[in-house]
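Asks: Dropping a prediction and its sequence here:
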There are 2 protein chains.
Amino acid sequence: MANMKEIARMAGVSLGTVSNVINKTANVREPVRQRVLEAVKTVGYQPSQLARGLRRDKTNTIGMIIPDITNPFFPAVVRGAEDVAYSNGYRLILCNTDNDHYKELVHLNELRTYLPTGLIVIPSSLSDLTAQAESYRKSGTGVVCIDRLPRHWSGDTVTVDNAKVAFIATRALLELGHKRLSMITGPLHFTNSQNRLSGFKRALRGAKIQISPDYIQEATFDKQDGYSKAMVLLRMIPRPTAIFAGNDLMALGVLLALRECGLRCPEDISVMGFDDLELAETTNPSLSSVSQPGYQLGTSAARILLDRVNGDEGPARHLVLDTALKIRDSIGPVSRARS
Amino acid sequence: MANMKEIARMAGVSLGTVSNVINKTANVREPVRQRVLEAVKTVGYQPSQLARGLRRDKTNTIGMIIPDITNPFFPAVVRGAEDVAYSNGYRLILCNTDNDHYKELVHLNELRTYLPTGLIVIPSSLSDLTAQAESYRKSGTGVVCIDRLPRHWSGDTVTVDNAKVAFIATRALLELGHKRLSMITGPLHFTNSQNRLSGFKRALRGAKIQISPDYIQEATFDKQDGYSKAMVLLRMIPRPTAIFAGNDLMALGVLLALRECGLRCPEDISVMGFDDLELAETTNPSLSSVSQPGYQLGTSAARILLDRVNGDEGPARHLVLDTALKIRDSIGPVSRARS
DNA sequence: CGCTGACTTTGAAAGCTTTCATTATTTCCA
DNA sequence: TGGAAATAATGAAAGCTTTCAAAGTCAGCG
């Protein structure tokens, strides 16, 4: 591939001048500038991002560390980040951690050797990435945590008010007359799970409703575990009349469990999800859920990163995005007959 | 960050020796080797991938170009590729094209400046990336096309036998007594759409069934367009008794359209999808579909790439992965009453 | 015309690694 | 023990860009 030296030769100028033309880092007289541009065009020259990165101590690259692209909530987030990145000339390096602390560390460590401009991280279980992140920030590399936060995190964040919207969703169930509400939470070492649970509890307290601790089950955010924990709940006596799942994947598992137990939704049991994945609309019955702006989570994070690159030295930003409750067919009034 | 020079100084050896220890590129006497390793460990040295890439003319990076990570078929593919890449020390740079030829070109062009080891591409509409790909291959960069193929493509491929499995799926519908079969295809400039259609047609010919050309509708692989084209089909007289959608997203649109028209599935109309997305199980009714091994598509592509890096100079490989027909509730015998 | 100050252009150095021709050291055998 | 052959270690060069001090050019003014 053509290099700068060749352009310099073709245009009859020095390396420095070519660099100045390409990066607009200094004035170059118009005719000279034209000659350089011409040469660039003729050979289709593109600067080596490697050499540039090496010299500048930073590449046009953003590391994106997420749990698992295969979980339907994350693609939108990634896409959001990629869109903003792409339109500003950045590329995304994608890393899956499977919520594995070790894998997260490895990625965090190895990504550094590519000198990314910044990192967008959906942190994994128990991770205390402060040390790592500090070391990134020390070298001028921004780190934005999204969706959930690691312990002791003081940097930029983009999240959703999980507690508040969980409160609202729970209230919707309460207003339908439910008294025996249960929740299947995500892993409770994730801040988002914690907050959803606390919103749920706050709504119950507000309604002066006490539930058995067994009505709160912790699961791993996947369909399979949602199913298992639903089975546990369905066998309890008295049985809950509503199940709030910590995400839609688990809600899906709940629906499966209901079907298998010959229970009707929402007549026998109401189900509420969280995430509002596309599939929520097409389940049977369609799933009521909390809609999270995944795409914007990604775009906002990328924008913050770019702001930081462009010299924003302000205090840590904590963006909280809006959510909305989507009521569909999976929730209904508690049936007199059975309660 | 620590660099090689520092290691060399700490271990009291030269740069070359450090390099030889790290890359095992030459014998180094054990005590010396230990000293170097020790130093590496003490300061947590990691070689700069940029400098290394610059020198070696290649980075541990794989460019992955796909239409849209937000389309639920692709995450599994990406994950497959990432898993194989990761466990061999490679990173994935993810690029979405939105099936936009121009964006594809831009990515293809710019990715080159990062000197990736290889490219995994799900080619976009009309793309004739032979020229680009040739230029990559000339510089020793492998390119593997998956899922669908560009015109005139002679390099490595990983696909699925779309025609065959579409034939089988269509046969399943025929065996249920359907005579008025229709198909909503994906964009017909994609080879996978073409092949699915040709399998469909072949099955019809085999059964000596003629259908109106209107029964074949071309759509854009998304739910919205599946819905619109289904509406077109449902207004036809006589109305088809079965609709084969070119992918599950469109099949979803078909189900929506049916619901809106007050038609029952499968009693009034049978629906067959393609992809077997996770949501196929949970739709109402659950969706019969062709199961494609998305994850393996990704892993296989990455493996071929790595083989090429490791010196496999053999002729182009054309891997064709297995598929399976998943029969669920959305197809049934044609109802006498209405036909 | 000559000088000053402003603006352009130059080219060497630096950034970090790998490579390879050379030099140094060790080993082995006579 | 001496010397040749084999094995190790060295360090300069190369890969491509950006940066910046220094050198060059130009216009304007006295």
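Replies: The structure has been received and is ready for your questions.
Asks: quick check, A:L255 in a helix?
Replies: Yes - residue state for A:L255 (DSSP: H, G, I helix; E, B strand; the rest coil) corresponds to a helix.
Asks: Quick one: residues contacting it.
Replies: Residues near A:L255 by C-beta atoms under 8 Å, 6 or more residues apart in numbering or on different chains: A:265, A:271, A:283-284, A:287, A:330, B:282. Where C-beta positions appear, they are placed from N, C-alpha and C, glycine not excepted.
Asks: Repeat the analysis, applying 7 Å as the threshold.
Replies: Contacts for A:L255 (C-beta atoms under 7 Å, 6 or more residues apart in numbering or on different chains) come out as A:265, A:271, A:283.
Asks: what's the answer for A:P187, then?
Replies: The contact partners of A:P187, taken as C-beta under 7 Å, 6+ apart, are A:125, A:193, A:218, A:220-221.
Asks: Could you export the residues you listed as TSV, including pLDDT?
Replies: Putting the contacts of A:P187 into TSV (pLDDT from 0 to 100) gives the following:
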residue	pLDDT
A:S125	66
A:S193	97
A:E218	98
A:T220	95
A:F221	95
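Asks: and of the contacts of A:L255, the nearest to chain B?
Replies: Closest to chain B out of those is A:T283 (4.9 Å), distances taken as C-beta to the nearest C-beta.
Asks: In this structure that closest one contacts B:T282, no?
Replies: Yes - between A:T283 and B:T282 there is a contact under C-beta atoms under 7 Å: 4.9 Å.
Asks: anything in contact with each of the two?
Replies: Common contact partners of A:T283 and B:T282 (C-beta under 7 Å, 6+ apart): A:L252.
Asks: More neighbours: which of these two?
Replies: Shown here are A:T283 and B:T282; by other C-beta atoms under 10 Å in any protein chain shown, A:T283 has more neighbours (26 against 20).
Asks: Identify the residues contacting the more buried one.
Replies: With the criterion set at C-beta under 7 Å, 6+ apart, A:T283 makes contact with A:252, A:255, B:282.
Asks: how does it look with 8 Å?
Replies: A:T283 touches A:252, A:255, A:330, B:282-284, counting by C-beta under 8 Å, 6+ apart.
Asks: Can you list which of the residues you listed are found in helices?
Replies: A:252, A:255 (DSSP state H).
Asks: Tell me the one of the contacts of A:T283 nearest DNA strand C?
Replies: Using C-beta to the nearest atom of the strand, A:L252 comes nearest to DNA strand C of the contacts of A:T283, at 47.2 Å.
Asks: from what I can see that closest one touches A:L279, true?
Replies: Yes - the criterion here is C-beta atoms under 8 Å, and A:L252 meets it with A:L279 at 7.3 Å.
Asks: Give the intersection of the neighbour lists for these two.
Replies: With C-beta under 8 Å, 6+ apart, A:L252 and A:L279 have common neighbours A:287, B:282.
Asks: At the contact with DNA strand D, which residues of the stretch 1-150 of chain A appear?
Replies: Within the stretch 1-150 of chain A, the positions lying close to DNA strand D (C-beta under 7 Å from any atom of the strand) are A:1, A:3-5, A:15-16, A:18-20, A:22-23, A:25, A:45, A:47-48, A:51-52, A:54-56.
Asks: restrict those to contacts with DNA strand C.
Replies: Within these, those near DNA strand C by C-beta under 7 Å from any atom of the strand are A:15-16, A:19-20, A:51, A:54-55.
Asks: can I get these in a markdown table with neighbour count?
Replies: Listed next are those as a markdown table, based on neighbours: other C-beta atoms under 10 Å in any protein chain shown:
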| residue | neighbour count |
| --- | --- |
| A:L15 | 13 |
| A:G16 | 13 |
| A:S19 | 19 |
| A:N20 | 18 |
| A:A51 | 16 |
| A:L54 | 20 |
| A:R55 | 12 |
